[in-house]
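Colleague: Here is a sequence together with a model predicted from it:
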Amino acid sequence: MAKLKTTVDKSRCISSGDCIETAPTVFAFDADDKSEVVNQEGADPETILATARGCPVRAITLIDEETGVRLYPAPKK
């Protein structure tokens, strides 16, 4: 899998903590109890993808750094 750029849309984040539970070396809560990426390479890409898919509000976006293509959530057609 490609190298990922991972971001969290804090306006969508509901602080469920699912991402932190699944990938604690990648995500953490900020001072406002919103998830943020603390280590882009803290887990393998498959784990990060599974974490993004598990976000209940789809606040995590994954982009292939080499191509710039959004991998998750899939672009709307």
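Modeller: Cool, got the structure. Residues are numbered from 1 along each chain as shown.

Colleague: Report how many residues lie close to the closest residue to residue 36 other than its chain neighbours.
Modeller: Leaving out its chain neighbours, the residue that sits closest to residue 36 by CB to CB, 6 or more residues apart in numbering is residue 30, at 4.7 Å. Just so you know, the C-beta spots here come from the backbone N, C-alpha and C atoms, and that holds for glycine as well. Using other CB atoms under 10 Å, residue 30 is surrounded by 13 other residues.

Colleague: Quick check: the gap between residue 30 and residue 75.
Modeller: 27 Å (CB to CB, to the nearest Å).

Colleague: List the contacts of the most centrally placed residue in the chain.
Modeller: For the chain, the residue nearest the mean C-alpha position is residue 60 (3.8 Å; CA atoms, centre = their mean). By CB atoms under 8 Å, 6 or more residues apart in numbering, the contact set of residue 60 is 6-9, 19, 35, 51-52, 72.

Colleague: Also residue 53?
Modeller: residue 72.
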